[in-house]
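*Asks:* coordinates for the following, if possible.
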Amino acid sequence: MKKLTGIAGKLTIGVILFGILLGIVCSMVGYIEFTAVLEQQYNDSAYETAETARAILNPDKFGQYLETGETDEEYDNILARLDALTDATNVTFIYAAKVSEDYKTLTYIYDTVNSNTGFSRYPLGYTASDLDEKHTENVIKIMTEGGRAEKYLYSYSNESGAHTTAAVDVKNSDGKIIAMLCVEKPMTRLETARNTYVLHVILWTLAAIILFIFLYAVILRHGVIKPILTVTDEAKHFAESNTPSENLSVIKQKDEIGILARAVEKMETDIVEYTENLTAITAEKERVNTELSVATRIQANMLPSIFPAFPERREFDIYATMNPAKEVGGDFYDFFMVDERHLAVVMADVSGKGVPAALFMVIGKTLIKDHTQPGKDLGEVFTEVNELLCESNSEGLFITAFEGVLDLVSGDFRFVNAGHEIPFICKRGGKFEPYKVRAGFVLAGMEGMRYKCGEMHLEIGDKIFQYTDGVTEATNAQNELYGMERLTAVLGEHSELSPAELLPKIKEEIDGFVGGASQFDDITMLCLEYRARMEERK
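*Replies:* Residues are numbered from 1 along each chain as shown. Here you go, the predicted model:
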């Protein structure tokens, strides 16, 4: 049993099964082709007899015989000649009959039976439903177009065995088809010839398989099995001891097995080297993971994360979140008081992911905050920041950014957009709607860019929602994007919520849409609500 489950047993069984299958296929193909040729020869012979029989007939008197039901001397002579032809050609039947208009019945005019069969003939005028439905198409062609059947007619019965039938049209002197003549010839040699053929094929195939298996086993044992067993033993030895041996050196072959032996030798050497370096690599990876964890905490500490952010200020409420796609991300937000009456909010997205984006984020965030000064035009802020970022941008990164400054006394909201997403505005008592703003070029994309400041007015109770493209481009397992339509819908549905209640609700909707799919981009959101006017100091 062990040998049968090994590679040698499996290959041997496979060859035996393949040989048997090949023998069966060859036998079947030969059987079919041999039978077809033999049947065609029988059919051709039957048609030769049919042509001879048709030449004996006098079709012009068929109508008279069928109408009167009486025969004459000529009829008897023709019938006698047909009887003689039937016995001489060793056919079972020769008959001429009129076919009904519906092609279902025959009315016999002449019918002959081989004297050795013991069958009785049908008399003149006998009507029988002898037409097989599967032959109707051929009969119709013969009776309408003339000639012979396109395919030979084959039949089989327990009484008389296999038969082939030749059918031709019978025309009168005017060239009109008035009857059909059929010759039914027994295929006496068919079964014997087929059985003999199949027996010979089986015997020769069996002999070829036995010889092949013997030669195959010898070659397989010395050329395949022994080298493979050597490789297997070496693999077991190395797995147990982690030490290479010299067993594979005995394999000198240049074929695939030799290549496998050399590959195993190299693999053993590589594994030993890899094992020696694994401890150092693991330690290095742990160090990198520790540094990434520190970077994540540093990045989180750089973003305002304590809420409420300005508990002493009743004029506004603000809330923001950032979920990085990796340990550290490229998105950032910020909000800070420019002076006592002006609140600045920033939303930005650095191209790329991971540590490079995070470092560029730190630079961008710092520059934007440092250049945002009381009374300074936000367009000038972004123009200056862009020039500084371009000077230190060897990696070709860029930042899409949106900054706005809210005057807590007047409600005026001045903003600048550098290729970032458009914000959503919710008027008091209404719903969030996208607010189309002019988008300038991205920061750090090109030197010499000039940015322009826009302005809108907020009333008490109005809200602003800003975000990064990680929100709208969140993707589920079917590669569908979350998109602006879904974001507009969820914002509209929850417009009455406070900023601290709104952002978790949106994140919950995004997570439900994405499902188990991986997060490919940072998801950052910020919401500002203008709640009360600040009293202007004089």
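*Asks:* show me the domain layout of the chain.
*Replies:* Domain assignment for the chain, taken from automatic domain parsing, gives 2-192, 242-302, 304-530.
*Asks:* mean pLDDT for those: which is lowest?
*Replies:* The weakest mean pLDDT among the domains of the chain belongs to domain 242-302, with a mean of 72.
*Asks:* distance from the chain centre to that domain, please.
*Replies:* Domain 242-302 sits 35 Å away from the centroid of its parent chain (C-alpha atoms, centre = their mean, to the nearest Å).
*Asks:* same thing with stretch 224-239?
*Replies:* Distance of stretch 224-239 from the chain centroid (C-alpha atoms, centre = their mean) equals 39 Å.
*Asks:* show me what counts as buried in it.
*Replies:* 224-225, 227-228, 230-231, 234, 238 (16 or more other C-beta atoms under 10 Å). Every residue, glycine included, has its C-beta placed from N, CA and C.
*Asks:* okay, the domains of the chain, which one's buried deepest?
*Replies:* domain 304-530 (a mean of 18; mean count of other C-beta atoms under 10 Å).
*Asks:* distance across it, terminal residue to terminal residue?
*Replies:* Taking C-alpha to C-alpha, to the nearest Å, domain 304-530 runs 19 Å from one end to the other.
*Asks:* state the distance from the residue most central in space within the chain to residue 521.
*Replies:* For the chain, residue 478 is the residue whose C-alpha lies nearest the centre (C-alpha atoms, centre = their mean; 14.6 Å). Residue 478 sits 17 Å away from residue 521, going by C-beta to C-beta, to the nearest Å.
*Asks:* also residue 97?
*Replies:* The value you get for residue 97 to residue 521, if C-beta to C-beta is used, is 87 Å.
*Asks:* can you redo the domains of the chain as JSON lines with distance to residue 215?
*Replies:* Converted to JSON lines, those look like this (distance: least, C-beta to C-beta, whole Å):
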{"stretch": "domain 2-192", "distance to residue 215": "11"}
{"stretch": "domain 242-302", "distance to residue 215": "18"}
{"stretch": "domain 304-530", "distance to residue 215": "55"}
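*Asks:* now residue 444: closest residue in space that isn't a chain neighbour?
*Replies:* Of all residues not flanking residue 444 in the chain, residue 389 sits nearest, at 3.7 Å (C-beta to C-beta, 6 or more residues apart in numbering).
*Asks:* list the contacts for the nearest residue to residue 442 once chain neighbours are set aside?
*Replies:* With C-beta to C-beta, 6+ apart as the criterion, residue 442 has its nearest non-adjacent residue at 3.9 Å, and that residue is residue 419. Each residue near residue 419 by C-beta atoms under 8 Å, 6 or more residues apart in numbering is listed here: 400-401, 439-443, 445.
*Asks:* now, which of these sits nearest residue 363?
*Replies:* Residue 363 has its nearest neighbour among these in residue 443, at 10.5 Å by C-beta to C-beta.
*Asks:* wait, is residue 471 part of a helix?
*Replies:* Yes - looking at residue 471 with DSSP: H, G, I helix; E, B strand; the rest coil, it is inside a helix.
*Asks:* which residues touch it?
*Replies:* Per C-beta under 8 Å, 6+ apart, neighbours of residue 471: 482, 487, 506, 510, 523-525.
*Asks:* repeat that for 7 Å
*Replies:* 482, 487, 510, 523, 525 (C-beta atoms under 7 Å, 6 or more residues apart in numbering).
*Asks:* from start to finish, how long is stretch 516-531 in a straight line?
*Replies:* 38 Å.
*Asks:* give me the distance from it to the chain's centre.
*Replies:* 35 Å.
*Asks:* so what secondary structure elements neighbour the longest helix belonging to the chain?
*Replies:* Longest helix in the chain by number of residues, with DSSP state H as the criterion: helix 7-56. Judged by 3 or more C-beta pairs under 7 Å, 6 or more residues apart in numbering; DSSP states H and E, the packing partners of helix 7-56 are helix 73-88, strand 161-171, strand 177-186, helix 190-220.
*Asks:* how near is residue 48 to residue 184?
*Replies:* On the measure of C-beta to C-beta, residue 48 and residue 184 end up 14 Å apart.
*Asks:* just residue 434 next, same as before
*Replies:* Distance from residue 434 to residue 184, by C-beta to C-beta: 89 Å.
*Asks:* equivalent analysis for residue 373, please.
*Replies:* With C-beta to C-beta as the criterion, residue 373 and residue 184 are 114 Å apart.
*Asks:* returning to that earlier point: bridging residues for the residue nearest to residue 442?
*Replies:* Per DSSP bridges, the residues bridged to residue 419 are residue 401.
*Asks:* that older thread, from the contact counts, what lies against the helix or strand harbouring the residue nearest to residue 444?
*Replies:* Assigned by DSSP states H and E, residue 389 belongs to helix 378-391. Counting contacts by 3+ C-beta pairs under 7 Å, 6+ apart, helix 378-391 packs against helix 354-371, strand 399-407, strand 412-418.
*Asks:* hey, C-alpha coordinates of it in CSV?
*Replies:* Presented in CSV, the C-alpha positions along helix 378-391 are these (Å, rounded to 0.1, in the frame of the first residue of the first chain):
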residue,chain,number,x,y,z
LEU,A,378,-5.3,85.1,3.2
GLY,A,379,-4.3,85.2,-0.5
GLU,A,380,-1.0,86.6,0.5
VAL,A,381,-0.6,84.0,3.3
PHE,A,382,-0.9,81.1,0.8
THR,A,383,1.3,83.0,-1.8
GLU,A,384,4.1,83.2,0.8
VAL,A,385,3.7,79.7,2.1
ASN,A,386,3.7,78.3,-1.5
GLU,A,387,7.1,80.0,-2.2
LEU,A,388,8.6,78.6,1.0
LEU,A,389,7.3,75.1,0.3
CYS,A,390,8.6,75.1,-3.2
GLU,A,391,12.1,75.9,-1.9
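*Asks:* hmm, back to that, nearest to residue 318, out of the helices and strands packed on helix 378-391?
*Replies:* When the helices and strands packed on helix 378-391 are compared (using C-beta to C-beta), the closest one is strand 399-407, at 9.8 Å.
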